[in-house]
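Q: Below are the sequence and a predicted model; questions follow.
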Amino acid sequence: MSLKQLENAIVTSPLGLNPKTDGQRLVAVIPPLTKEHIQAMCKVVAKSCEDVKQSVRRARQKALDMTKKAGLPKDDAKKLEKEVDDLTKKFIKSAEEMCKAKEKEIAEG
């Protein structure tokens, strides 16, 4: 991709940037985030977090279905269910912590 094509792509994007060509470089001044942009970015992070948590829950459900279909003895099945639940809680907590950290990072600028 040429520098001119790259410049044109940035100009036509919804970012609102107006890059300048500086020899072999493309320089685009990025304005500071407004309160509205910060809130919008935090909403995107929250939505992504919710998507991740739903994905983890779907994986949990698949794992539980597989243990039921495997025909394992009750003790083994209960042990696996507990392990799956523990992992589910761990990953959901991890996702929430990452999202909170990212929202804090965005809010602080």
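A: Now that the structure is in, tell me what you want to look at.
Q: three-state assignment of the residue nearest to the spatial centre of the chain?
A: Taking Cα atoms, centre = their mean, the centroid of the chain lies closest to residue 48, which sits 4.4 Å from it. Look at residue 48: counting by DSSP: H, G, I helix; E, B strand; the rest coil, its state is helix.
Q: Measure how buried the nearest residue to it once chain neighbours are set aside is and give me the count.
A: Closest residue in space to residue 48, ignoring its immediate chain neighbours: residue 99 at 7.3 Å, by Cβ to Cβ, 6 or more residues apart in numbering. No exception for glycine: its C-beta is placed from N, CA and C like everyone else's. A total of 19 residues lie near residue 99 under the criterion other Cβ atoms under 10 Å.
Q: Next, residue 99: phi, psi?
A: phi -70, psi -40 (degrees, to the nearest 10).
Q: need the contact list for it.
A: 45, 46, 48, 49 (Cβ atoms under 8 Å, 6 or more residues apart in numbering).
Q: do you know how far it is from residue 52?
A: As judged by Cβ to Cβ, to the nearest Å, residue 99 and residue 52 stand 8 Å apart.
Q: No more questions from me, cheers.
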